[in-house]
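Asks: structure for this input, please:
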Amino acid sequence: MLRIFLLSLRFAEAATLAGVVLLGKIGFLGPILLWEPKMSARRPAKDCTDMTEVRAGIDALDKDLVSLLSTRAGYIQRAMELKQSNGWPARIPDRVEEVVNNAKAEARQQGLDPELVETLWRQLIDWSIEQEEVGLSQHRSEP
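Replies: So this is what the prediction gives:
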């Protein structure tokens, strides 16, 4: 889960823990630190010697993927809030295609099937847009 903290400047300057990033400052409130949990420790696939190790690696990776999807959902929530204030629709077709094309390009670069990534990303984007549409419709129906 993504966590953002407002901390004293003294603490922020001393924060050298892995995964802590100084995002900036909010006036007199002080600095904003971003903390994201580290990815699970796992053995590289090529170093696994049996199926137990392979399965443990997959399970750890799945945990990381769910964590990343949760973080992404936080960005979707924020996008919905910003779209509300700007009067934008949930679905912006050019942005959908940009996101899909970026993911496919990354897949190609990493040697992963871009068609698989496109299928997964389109489903992820459709879910995201559905979440935004629900939030936007609730906002419109509020008095």
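Asks: middle-most residue in this structure, spatially?
Replies: Geometric centre of the chain, nearest residue: Arg72, 2.6 Å, by Cα atoms, centre = their mean.
Asks: residues in contact with that residue?
Replies: Neighbour list for Arg72: Leu124, Ser128 [criterion: Cβ atoms under 8 Å, 6 or more residues apart in numbering]. Placement of C-beta: from N, CA and C, glycine included.
Asks: need the pLDDT of it.
Replies: On pLDDT, Arg72 comes in at 96.
Asks: next: Glu36.
Replies: Here the pLDDT value assigned to Glu36 is 52.
Asks: which residue ranges make up the domains of the chain?
Replies: If you go by automatic domain parsing, the domain ranges for the chain are 1-38, 43-141.
Asks: any idea which of those domains scores lowest on pLDDT?
Replies: Lowest mean pLDDT of the domains of the chain: domain 1-38, a mean of 44.
Asks: list the buried ones in the longest helix belonging to the chain?
Replies: As assigned by DSSP state H, the longest helix anywhere in the chain is helix 51-86. Buried residues in helix 51-86, defined by neighbour count with 16 or more other Cβ atoms under 10 Å: Gly57, Ser67, Ala73, Ile76, Ala79, Met80, Lys83, Gln84.
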